[in-house]
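Engineer: Provided below for reference: sequence and predicted model.
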Amino acid sequence: MLWWRKSKTKKPSAPTETPGDEQPENGAAVEMAYEVVASLRSDVGCVREVNEDSGRYIQPGDSSLLARKGLLAIVADGMGGHSAGEVASNLAVDVIHRAYYEAGDDARSAIESAIHEANREIYEASQRDEKLNWMGTTCVALVLKNGSALAAHVGDSRLYLIRSGQIYLMTEDHSAVMEMVKRGLISLEEARHHPDKNVILRALGSHPEVEVSVWDEAFPVREGDTFLLCSDGLYDLVEDEEIRQAVVACDPGSACESLIALAKERGGHDNITVGIISLRPKHEGEIKRVRDTRVREIEA
(Lines give C-alpha, C1' and ligand atoms only; values in the text may rest on other atoms or scores of the structure.)
Protein backbone atom coordinates (compact mmCIF):
# COMPACT_ATOMS: atom_id res chain seq x y z
CA MET A 1 0.00 0.00 0.00
CA LEU A 2 1.39 3.37 -1.00
CA TRP A 3 1.22 6.25 1.47
CA TRP A 4 1.54 9.80 0.23
CA ARG A 5 2.26 12.58 2.72
CA LYS A 6 0.66 15.92 1.92
CA SER A 7 0.85 19.09 3.46
CA LYS A 8 -15.85 16.76 13.40
CA THR A 9 -17.69 15.72 10.41
CA LYS A 10 -20.21 12.98 9.70
CA LYS A 11 -20.87 11.58 6.27
CA PRO A 12 -24.46 10.55 5.50
CA SER A 13 -25.12 8.25 2.56
CA ALA A 14 -27.50 11.03 1.60
CA PRO A 15 -29.07 13.88 3.55
CA THR A 16 -32.59 13.37 4.79
CA GLU A 17 -35.34 13.84 2.20
CA THR A 18 -32.78 12.68 -0.41
CA PRO A 19 -30.80 15.55 -1.84
CA GLY A 20 -29.48 15.28 -2.98
CA ASP A 21 -18.13 23.42 -24.62
CA GLU A 22 -18.56 26.92 -24.09
CA GLN A 23 -18.19 28.21 -20.60
CA PRO A 24 -20.04 31.32 -19.44
CA GLU A 25 -18.61 33.68 -16.87
CA ASN A 26 -17.88 32.47 -13.35
CA GLY A 27 -21.51 32.82 -12.23
CA ALA A 28 -23.76 30.85 -14.55
CA ALA A 29 -27.41 30.15 -15.20
CA VAL A 30 -28.95 26.95 -16.55
CA GLU A 31 -32.47 26.40 -17.81
CA MET A 32 -33.60 24.04 -15.08
CA ALA A 33 -35.97 24.31 -12.13
CA TYR A 34 -33.28 26.37 -10.44
CA GLU A 35 -30.44 28.71 -11.32
CA VAL A 36 -26.85 27.56 -10.91
CA VAL A 37 -24.37 30.07 -9.54
CA ALA A 38 -20.78 28.82 -9.48
CA SER A 39 -17.39 30.13 -8.42
CA LEU A 40 -13.99 28.48 -8.16
CA ARG A 41 -10.88 30.04 -6.62
CA SER A 42 -7.36 28.76 -6.07
CA ASP A 43 -4.53 30.35 -4.10
CA VAL A 44 -0.90 29.37 -3.61
CA GLY A 45 -1.18 30.07 0.13
CA CYS A 46 1.47 31.63 2.37
CA VAL A 47 4.29 29.05 2.26
CA ARG A 48 4.45 27.23 -1.06
CA GLU A 49 6.13 28.75 -4.12
CA VAL A 50 4.05 26.77 -6.63
CA ASN A 51 0.32 26.12 -6.72
CA GLU A 52 -0.05 22.38 -7.22
CA ASP A 53 -3.86 22.53 -6.99
CA SER A 54 -6.03 22.68 -10.08
CA GLY A 55 -9.77 23.05 -10.57
CA ARG A 56 -12.40 23.57 -13.19
CA TYR A 57 -16.13 24.16 -13.56
CA ILE A 58 -17.66 23.19 -16.91
CA GLN A 59 -21.10 24.19 -18.15
CA PRO A 60 -21.70 23.19 -21.77
CA GLY A 61 -23.18 25.96 -23.87
CA ASP A 62 -24.89 23.43 -26.12
CA SER A 63 -28.33 22.68 -24.64
CA SER A 64 -28.42 19.08 -25.89
CA LEU A 65 -24.98 18.34 -24.43
CA LEU A 66 -26.03 20.00 -21.18
CA ALA A 67 -29.14 17.81 -21.02
CA ARG A 68 -27.18 14.62 -21.79
CA LYS A 69 -24.07 15.23 -19.69
CA GLY A 70 -24.85 18.02 -17.24
CA LEU A 71 -22.42 20.29 -15.38
CA LEU A 72 -19.04 19.10 -14.10
CA ALA A 73 -16.83 20.48 -11.32
CA ILE A 74 -13.36 19.13 -10.48
CA VAL A 75 -10.75 19.87 -7.82
CA ALA A 76 -7.35 18.15 -7.81
CA ASP A 77 -4.45 18.52 -5.35
CA GLY A 78 -1.12 17.44 -6.79
CA MET A 79 2.02 16.16 -5.11
CA GLY A 80 5.55 15.31 -6.21
CA GLY A 81 9.03 16.82 -6.53
CA HIS A 82 9.97 19.74 -8.78
CA SER A 83 6.73 20.89 -10.48
CA ALA A 84 5.39 17.36 -10.78
CA GLY A 85 2.40 17.98 -8.52
CA GLU A 86 1.26 20.84 -10.70
CA VAL A 87 1.66 18.65 -13.79
CA ALA A 88 -0.34 15.83 -12.21
CA SER A 89 -3.26 17.98 -11.05
CA ASN A 90 -3.51 19.89 -14.34
CA LEU A 91 -3.40 16.63 -16.27
CA ALA A 92 -6.12 15.15 -14.06
CA VAL A 93 -8.46 18.07 -14.67
CA ASP A 94 -7.77 18.13 -18.42
CA VAL A 95 -8.29 14.40 -18.90
CA ILE A 96 -11.37 14.09 -16.69
CA HIS A 97 -12.98 17.06 -18.46
CA ARG A 98 -12.33 15.60 -21.91
CA ALA A 99 -13.02 11.94 -21.10
CA TYR A 100 -16.27 12.60 -19.23
CA TYR A 101 -17.85 14.53 -22.09
CA GLU A 102 -16.60 12.01 -24.66
CA ALA A 103 -18.05 9.04 -22.75
CA GLY A 104 -21.60 7.70 -22.90
CA ASP A 105 -24.57 9.35 -21.25
CA ASP A 106 -24.60 7.24 -18.06
CA ALA A 107 -23.08 9.71 -15.59
CA ARG A 108 -21.80 7.16 -13.09
CA SER A 109 -20.01 5.07 -15.69
CA ALA A 110 -18.70 8.16 -17.48
CA ILE A 111 -17.15 9.88 -14.45
CA GLU A 112 -15.62 6.65 -13.15
CA SER A 113 -14.06 5.82 -16.51
CA ALA A 114 -12.84 9.42 -16.90
CA ILE A 115 -10.99 9.26 -13.57
CA HIS A 116 -9.46 5.89 -14.48
CA GLU A 117 -8.29 7.41 -17.77
CA ALA A 118 -6.71 10.31 -15.87
CA ASN A 119 -4.93 7.86 -13.60
CA ARG A 120 -3.47 5.98 -16.57
CA GLU A 121 -2.29 9.12 -18.34
CA ILE A 122 -0.66 10.54 -15.22
CA TYR A 123 1.06 7.24 -14.49
CA GLU A 124 2.33 6.91 -18.06
CA ALA A 125 3.61 10.49 -18.04
CA SER A 126 5.50 9.80 -14.80
CA GLN A 127 7.15 6.76 -16.37
CA ARG A 128 8.30 8.68 -19.45
CA ASP A 129 10.05 11.50 -17.58
CA GLU A 130 12.20 10.84 -14.52
CA LYS A 131 11.51 14.37 -13.25
CA LEU A 132 7.87 13.33 -12.96
CA ASN A 133 8.49 10.00 -11.24
CA TRP A 134 6.13 9.37 -8.31
CA MET A 135 3.95 12.36 -9.07
CA GLY A 136 0.31 12.00 -8.15
CA THR A 137 -2.82 13.93 -7.34
CA THR A 138 -6.02 13.65 -5.39
CA CYS A 139 -9.28 14.33 -7.19
CA VAL A 140 -12.92 15.04 -6.38
CA ALA A 141 -15.51 15.47 -9.15
CA LEU A 142 -19.18 16.45 -9.02
CA VAL A 143 -21.73 15.98 -11.80
CA LEU A 144 -25.05 17.86 -11.76
CA LYS A 145 -27.36 16.41 -14.38
CA ASN A 146 -31.12 16.74 -14.85
CA GLY A 147 -31.80 17.64 -11.24
CA SER A 148 -29.51 15.04 -9.66
CA ALA A 149 -26.01 15.02 -8.19
CA LEU A 150 -23.31 12.36 -8.50
CA ALA A 151 -19.75 12.43 -7.15
CA ALA A 152 -16.52 10.45 -7.37
CA HIS A 153 -13.17 10.90 -5.67
CA VAL A 154 -9.68 9.57 -4.99
CA GLY A 155 -7.61 10.79 -2.04
CA ASP A 156 -8.57 13.45 0.47
CA SER A 157 -9.98 16.35 -1.54
CA ARG A 158 -13.53 16.78 -0.31
CA LEU A 159 -17.11 17.47 -1.32
CA TYR A 160 -19.55 19.08 1.11
CA LEU A 161 -23.27 19.71 0.81
CA ILE A 162 -24.90 22.63 2.62
CA ARG A 163 -28.66 22.05 2.80
CA SER A 164 -31.27 23.73 4.98
CA GLY A 165 -28.59 25.38 7.07
CA GLN A 166 -26.74 22.11 7.78
CA ILE A 167 -23.39 20.93 6.41
CA TYR A 168 -22.70 17.34 5.32
CA LEU A 169 -19.39 15.79 4.30
CA MET A 170 -20.26 13.75 1.21
CA THR A 171 -16.88 12.06 0.65
CA GLU A 172 -14.71 9.92 2.89
CA ASP A 173 -10.98 10.71 2.92
CA HIS A 174 -8.74 7.94 1.65
CA SER A 175 -6.27 8.65 4.44
CA ALA A 176 -4.37 6.86 7.18
CA VAL A 177 -6.23 8.65 9.97
CA MET A 178 -9.65 7.93 8.45
CA GLU A 179 -8.76 4.23 8.47
CA MET A 180 -7.94 4.60 12.17
CA VAL A 181 -11.31 6.27 12.73
CA LYS A 182 -13.14 3.47 10.91
CA ARG A 183 -11.38 0.88 13.06
CA GLY A 184 -12.29 2.75 16.23
CA LEU A 185 -8.69 3.61 17.15
CA ILE A 186 -9.20 7.37 17.25
CA SER A 187 -12.10 9.81 17.11
CA LEU A 188 -12.87 12.21 14.27
CA GLU A 189 -11.70 15.11 16.45
CA GLU A 190 -8.44 13.29 17.22
CA ALA A 191 -8.00 12.60 13.51
CA ARG A 192 -8.14 16.33 12.78
CA HIS A 193 -5.02 16.95 14.87
CA HIS A 194 -3.19 13.66 14.31
CA PRO A 195 0.45 13.94 13.09
CA ASP A 196 -0.39 11.61 10.16
CA LYS A 197 -3.50 13.52 9.08
CA ASN A 198 -1.94 14.29 5.69
CA VAL A 199 -0.94 10.74 4.82
CA ILE A 200 -3.20 9.54 2.01
CA LEU A 201 -3.68 5.98 0.82
CA ARG A 202 -4.85 6.57 -2.75
CA ALA A 203 -3.74 8.97 -5.46
CA LEU A 204 -4.13 9.25 -9.21
CA GLY A 205 -0.91 8.31 -11.01
CA SER A 206 0.84 6.33 -8.31
CA HIS A 207 0.00 2.96 -9.91
CA PRO A 208 -1.30 1.79 -13.29
CA GLU A 209 -4.73 1.22 -11.71
CA VAL A 210 -6.56 2.94 -8.88
CA GLU A 211 -9.74 2.31 -6.90
CA VAL A 212 -12.22 5.14 -7.47
CA SER A 213 -14.95 5.83 -4.92
CA VAL A 214 -18.19 6.64 -6.74
CA TRP A 215 -21.63 7.14 -5.24
CA ASP A 216 -23.79 4.09 -5.86
CA GLU A 217 -26.43 6.28 -7.45
CA ALA A 218 -27.27 9.92 -8.04
CA PHE A 219 -29.69 11.66 -5.69
CA PRO A 220 -32.14 14.50 -6.39
CA VAL A 221 -31.02 18.03 -5.61
CA ARG A 222 -33.33 20.88 -4.74
CA GLU A 223 -33.42 24.66 -4.68
CA GLY A 224 -31.19 26.05 -1.97
CA ASP A 225 -28.62 23.23 -2.09
CA THR A 226 -24.98 24.34 -2.24
CA PHE A 227 -22.04 22.06 -3.00
CA LEU A 228 -18.48 22.90 -1.98
CA LEU A 229 -15.42 21.13 -3.38
CA CYS A 230 -12.02 21.81 -1.77
CA SER A 231 -8.45 20.69 -1.26
CA ASP A 232 -7.08 19.96 2.20
CA GLY A 233 -5.47 23.40 2.27
CA LEU A 234 -8.92 24.67 3.24
CA TYR A 235 -10.34 22.13 5.67
CA ASP A 236 -7.05 21.60 7.53
CA LEU A 237 -7.32 25.18 8.78
CA VAL A 238 -11.03 26.03 8.58
CA GLU A 239 -13.65 24.19 10.61
CA ASP A 240 -16.74 22.73 8.93
CA GLU A 241 -18.97 25.10 10.86
CA GLU A 242 -16.97 28.05 9.54
CA ILE A 243 -17.38 26.70 6.02
CA ARG A 244 -21.13 26.45 6.56
CA GLN A 245 -21.38 29.97 7.89
CA ALA A 246 -19.48 31.45 4.95
CA VAL A 247 -21.59 29.60 2.39
CA VAL A 248 -24.88 30.59 4.05
CA ALA A 249 -23.89 34.24 4.46
CA CYS A 250 -22.36 35.02 1.04
CA ASP A 251 -22.71 34.52 -2.68
CA PRO A 252 -20.38 31.78 -4.02
CA GLY A 253 -17.66 34.17 -5.19
CA SER A 254 -17.50 36.05 -1.91
CA ALA A 255 -17.65 32.82 0.09
CA CYS A 256 -14.68 31.37 -1.84
CA GLU A 257 -12.65 34.51 -1.23
CA SER A 258 -13.50 34.73 2.48
CA LEU A 259 -12.69 31.06 3.12
CA ILE A 260 -9.33 31.33 1.36
CA ALA A 261 -8.56 34.51 3.31
CA LEU A 262 -9.40 32.73 6.58
CA ALA A 263 -7.11 29.79 5.75
CA LYS A 264 -4.29 32.21 4.93
CA GLU A 265 -4.82 34.13 8.17
CA ARG A 266 -4.18 30.82 9.97
CA GLY A 267 -0.91 30.16 8.19
CA GLY A 268 -1.89 29.03 4.70
CA HIS A 269 0.71 26.26 4.82
CA ASP A 270 -0.67 24.57 1.71
CA ASN A 271 -2.30 25.58 -1.56
CA ILE A 272 -6.00 26.35 -1.11
CA THR A 273 -8.70 25.62 -3.67
CA VAL A 274 -12.43 26.12 -3.17
CA GLY A 275 -15.28 25.60 -5.63
CA ILE A 276 -18.87 26.47 -4.68
CA ILE A 277 -21.94 25.61 -6.74
CA SER A 278 -25.24 26.98 -5.50
CA LEU A 279 -28.72 26.07 -6.76
CA ARG A 280 -30.81 29.22 -6.42
CA PRO A 281 -34.57 29.68 -6.94
CA LYS A 282 -35.26 31.36 -10.27
CA HIS A 283 -37.50 33.96 -8.68
CA GLU A 284 -34.50 35.44 -6.86
CA GLY A 285 -33.96 37.50 -9.99
CA GLU A 286 -30.88 38.23 -12.03
CA ILE A 287 -27.87 36.14 -11.09
CA LYS A 288 -24.87 37.99 -9.76
CA ARG A 289 -21.83 37.05 -11.79
CA VAL A 290 -18.54 36.96 -9.95
CA ARG A 291 -15.15 37.50 -11.52
CA ASP A 292 -12.62 34.75 -12.04
CA THR A 293 -9.26 35.24 -10.36
CA ARG A 294 -7.28 32.42 -11.95
CA VAL A 295 -7.51 31.75 -15.66
CA ARG A 296 -7.24 27.97 -15.43
CA GLU A 297 -10.08 27.68 -12.97
CA ILE A 298 -13.04 28.48 -15.18
CA GLU A 299 -12.46 27.92 -18.85
CA ALA A 300 -14.32 28.71 -22.05
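Structural biologist: On my side now, so go ahead.

Engineer: quick one, helices of the stretch 51-200 of the chain?
Structural biologist: With DSSP state H, counting those that start in this stretch as the definition, the stretch 51-200 of the chain shows helices at residue ranges 63-69, 84-102, 107-128, 176-182, 188-192.

Engineer: buried residues, the longest one. List them.
Structural biologist: The one in question is helix 107-128. Going by neighbour count (16 or more other C-beta atoms under 10 Å), the buried part of helix 107-128 is 107, 110-123, 125-126. Placement of C-beta: from N, CA and C, glycine included.

Engineer: then the fourth one?
Structural biologist: Using 16+ other C-beta under 10 Å as the burial criterion, the residues of helix 176-182 that qualify are 176-181.

Engineer: in JSON lines: the residues you listed, plus pLDDT and distance to Leu234.
Structural biologist: As requested, these are arranged in JSON lines below (pLDDT from 0 to 100; distance: C-beta to C-beta, whole Å):
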{"residue": "Ala176", "pLDDT": "76", "distance to Leu234": "20"}
{"residue": "Val177", "pLDDT": "76", "distance to Leu234": "17"}
{"residue": "Met178", "pLDDT": "74", "distance to Leu234": "17"}
{"residue": "Glu179", "pLDDT": "75", "distance to Leu234": "22"}
{"residue": "Met180", "pLDDT": "78", "distance to Leu234": "22"}
{"residue": "Val181", "pLDDT": "76", "distance to Leu234": "20"}
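
Engineer: now the two most distant members of the residues you listed.
Structural biologist: Distances among the buried residues of helix 176-182 were taken as C-beta to C-beta; the most separated pair is Ala176 and Val181, at 10.0 Å.

Engineer: verify the stated contact: Leu201 with Met180.
Structural biologist: No - counting by C-beta atoms under 8 Å, Met180 is not a contact partner of Leu201; they are 11.4 Å apart.

Engineer: what about the strands in the stretch 151-300 of the chain?
Structural biologist: Along the stretch 151-300 of the chain, counting by DSSP state E, counting those that start in this stretch, strands occupy 158-163, 166-169, 199-200, 213-214, 219-220, 226-230, 272-280.

Engineer: quickly, which of these bottoms out on average pLDDT?
Structural biologist: Per-stretch averages of pLDDT across the strands of the stretch 151-300 of the chain put strand 199-200 at the bottom, with a mean of 82.

Engineer: so which elements touch that strand?
Structural biologist: strand 4-5, helix 176-182 (3 or more C-beta pairs under 8 Å, 6 or more residues apart in numbering; DSSP states H and E).

Engineer: let's have these in JSON lines, adding distance to Leu279.
Structural biologist: Output for those, formatted as JSON lines (distance: least, C-beta to C-beta, whole Å):
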{"stretch": "strand 4-5", "distance to Leu279": "34"}
{"stretch": "helix 176-182", "distance to Leu279": "29"}
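
Engineer: ok, which of these comes nearest Cys230?
Structural biologist: Ranking the helices and strands packed on strand 199-200 by distance to Cys230, with C-beta to C-beta as the measure, places helix 176-182 first at 16.2 Å.

Engineer: hmm, who's touching the closest one?
Structural biologist: The contact list for helix 176-182, computed with C-beta atoms under 8 Å, 6 or more residues apart in numbering, reads 3, 156, 172, 186-188, 191, 194, 196-197, 199-201.

Engineer: and which of the residues you listed is nearest Asn51?
Structural biologist: The shortest approach to Asn51 among the contacts of helix 176-182 belongs to Asp156, at 17.5 Å (C-beta to C-beta).

Engineer: for the closest one, what are its contacts?
Structural biologist: 6, 77, 138, 173-175, 178, 198, 200, 232.

Engineer: show me which pair in those residues is furthest apart.
Structural biologist: The largest separation in these, counting by C-beta to C-beta, is between Asp77 and Met178 at 15.8 Å.
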